[in-house]
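# What shape does this take:
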Amino acid sequence: MQLFSCQNCGQLVYFENTACVRCGHRLGYLPEAGSMSAVEPDGADWRALADRSGAFRFCANWELNACNWLVPANGDSPYCIACQHNRTIPDLSVPGNPELWAKLEQAKRRLFYSLLKLGLPMPTEASGDPEPLVFDFLAETPGGPRVMTGHDNGLITISLAEADDAQREVIRNQMHEPYRTLLGHFRHEVGHYFWDKLVDGSGSQEAFRAVFGDEREDYGAALQRHYEQGPAPGWQDGFVSEYATTHPWEDWAETFAHYLHIVDTLEMAGAFGISVKPEVSDDPSLEVDTHFDPYRTRSFSRLIEAWLPLSYAVNSLNRSMGQPDLYPFVLSQPAIDKLAFIHDLLRRQRH
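Below you'll find the predicted structure:
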C-alpha cells in the first residue's frame, strides 16, 4: 500500500480517508490511476485535482458510507471497480449490519488495490465470463443456516460475523490460529479463485503439483482428516501455516494470501522510507532497504531478502508494545519456494 497526499494542501492522507483533516477537501480514490485525490464539486459531479481529464462521481456505495472510490461520470455502472463484484450485501435495516458491512468493504478495497497492481483478471458477472469474481456478504439469522466463509467457482462468501472483532478473536482462539483478519480472509479466498484462473485454466497443473502436491486428492476427505487429526508433526518444515497442510488447494490459497501480505507490507514500508540495519550485528542478511516496488520486481529473491529482516523488525516492535507478533509465521525453504512459484506465475500472467 502507498501513502498519499492531499493535492490541495499536501497533508498526508491514507487509503481509507474520506476527507483531508487539514483543509477539509473531500477525498476519493481513482483506481485506474492508483491515486487518492482531493475533489471539488462540479455541478452534480466532482472534479479530481489528481486527474483533470474529466468529471467523476462517487461509487453508489459512497452514499451508504461503504466506499470512497470514484468512477467516471460518463461510466456505465454506478459502482466502482471493486463494488461491481458484489452480488449480495447484508440487510442494512438490521442494527449493526451497516457498520460491519463497511468493515468488509474496507478490507475488500485493500484486496482490489493489490489485484489491480498485479494486473490480475477480475471479470464481473456483466462481462459474460463463465467464472466471474463475485462476492456474497451474508449474515446469520436466528434459526437460520450457518454462514461459511469460502469459495465456489468464482463466488466468494464472507460471513458478516468475521467483521465483528470480538467474534473473530473468539474463533481465532478456538481454531488455535496465530492470525485471523478480514483482509486475510479476502486474500485467502481470492487465492482459490486465481488457482482456477492461473493454474487450472492455463495448463500449469503439472508445475503446480511438483511444488504443492497433487490437488486431485479427495478434498472432502482431506478436510475431515485435518479437523480430526490436525497437521502432521514437523509441518512447519514445508508449509506457511497449519491450514496449508490440509490439501494442495489450501496450501496454494494460504501461500497466495501470504504473498499479498508480503508485497503490500513491503510497499508500505517503502512509502515510509523504512530501512533495517541492526546495530548489534554486521550480518548483511539482517539489513534491508525497502526503496523498490515489490509489485513490479522481477526477482523473488529481492522480495524475500527484504521481507525476512523487515518481519523480524516489526515483530520486535510489536513485542515492545506487549502485542503479538505482526507476522507470526516462520518461512521454511519449501514455503519460500512456493511463494516464488506464485511470484513467477503472476509475472508470466502479467506479461
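
# hey, which helix or strand in this structure has the poorest pLDDT?
strand 288-289 (a mean of 86; mean pLDDT, DSSP states H and E).

# For that one, which strands pair with it and how are they oriented?
strand 275-276 (antiparallel) (DSSP bridges).

# same question for the strand it pairs with, mean pLDDT?
Averaging pLDDT along strand 275-276 gives 90.

# Within the helices and strands, which one has the residue positioned nearest the centre of the chain?
Geometric centre of the chain, nearest residue: residue 111, 3.4 Å, by Cα atoms, centre = their mean. In the assignment (DSSP states H and E), residue 111 maps to helix 97-118.

# list the buried ones in that helix?
97-98, 100-101, 103-118 (16 or more other Cβ atoms under 10 Å). C-beta here means a position set from N, CA and C on the backbone, and glycine is covered the same way.

# Tell me which residues are up against the least confident helix or strand of the chain.
Residues outside strand 288-289 that contact it (Cβ atoms under 8 Å, 6 or more residues apart in numbering): 275, 276, 305, 306, 309, 310.

# From these, list the buried ones, please.
By 16+ other Cβ under 10 Å, the contacts of strand 288-289 give 275, 276, 306, 309, 310 as buried.

# and the gap between the third one and residue 241?
Per Cβ to Cβ, to the nearest Å, residue 306 is found 21 Å from residue 241.

# Equivalent analysis for the last one, please.
To residue 241, residue 310 is 19 Å away according to Cβ to Cβ.

# How about the fourth one?
Plainly put, residue 309 is 21 Å away from residue 241 if you go by Cβ to Cβ.

# OK, contacts around residue 279?
Residues near residue 279 by Cβ under 8 Å, 6+ apart: none.

# Could you pull up phi and psi at it?
Main-chain torsions, residue 279, degrees, to the nearest 10: phi -80, psi -10.

# distance of it from residue 311?
Residue 279 is 19 Å from residue 311, by Cβ to Cβ.

# repeat for residue 65
Distance, residue 65 to residue 311, using Cβ to Cβ: 34 Å.

# Settle it for me: which of those two has more neighbours?
residue 311 (23 against 13; other Cβ atoms under 10 Å).

# what's the more buried one in contact with, if anything?
Here residue 311 is in contact with 326, 327 (criterion: Cβ under 8 Å, 6+ apart).

# before we move on, the earlier item: dump the buried ones among the contacts of strand 288-289 into a markdown table; add distance to residue 82 as well.
Shown next, in a markdown table, are the buried ones among the contacts of strand 288-289 (distance: Cβ to Cβ, whole Å):
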| residue | distance to residue 82 |
| --- | --- |
| 275 | 32 |
| 276 | 33 |
| 306 | 28 |
| 309 | 33 |
| 310 | 28 |
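
# Looking at those, spot the one nearest residue 136.
Of all these, residue 310 has the smallest distance to residue 136: 35.2 Å, by Cβ to Cβ.

# The closest one against residue 263, yeah?
No. Using Cβ atoms under 8 Å, residue 310 is not in contact with residue 263, being 11.9 Å away.

# rewinding a little: which one of the buried ones among the contacts of strand 288-289 is nearest to residue 203?
Closest approach to residue 203 among the buried ones among the contacts of strand 288-289 (Cβ to Cβ): residue 306, at 31.9 Å.

# Could I get the contacting residues of the closest one?
266, 288, 289, 290, 292, 294.

# who touches residue 166 in this structure?
With Cβ under 8 Å, 6+ apart, residue 166 has no contacts at all.

# That one: which element?
Using DSSP H and E, the element containing residue 166 is helix 165-174.

# quick check: angle from that helix to helix 97-118?
Angle, helix 165-174 to helix 97-118, by axes from the mean of the first three to the mean of the last three Cα atoms, to 10 degrees: 70 degrees.

# Quick check: buried residues in helix 165-174?
For helix 165-174, by 16+ other Cβ under 10 Å, it's residue 168.

# As a quick check, tell me the outermost residue of this structure.
Outermost residue of the chain (Cα atoms, centre = their mean): residue 43, 35.4 Å.

# Look up how far residue 336 lies from it.
Here the distance between residue 43 and residue 336 works out to 54 Å (Cβ to Cβ).

# Next: residue 344.
Where residue 336 is concerned, residue 344 sits at a distance of 13 Å (Cβ to Cβ).

# Compare these two and say which one has the larger neighbour count.
Neighbour tally, residue 344 and residue 336, criterion other Cβ under 10 Å: the higher count belongs to residue 336, 18 against 13.

# distance between the host helix or strand of the more buried one and the chain's centre?
With elements taken from DSSP H and E, the one containing residue 336 is helix 333-350. Computed by Cα atoms, centre = their mean, to the nearest Å, the chain-centroid distance of helix 333-350 equals 17 Å.

# now do stretch 279-298
With Cα atoms, centre = their mean, you get 23 Å for stretch 279-298.

# For the remainder of this discussion, apply numbering that starts at 454.
All set: I'll call the first residue 454, so the last point we hit is now stretch 732-751.

# What is the linear distance spanned by it between its boundary residues?
One end of stretch 732-751 to the other measures 30 Å (Cα to Cα, to the nearest Å).
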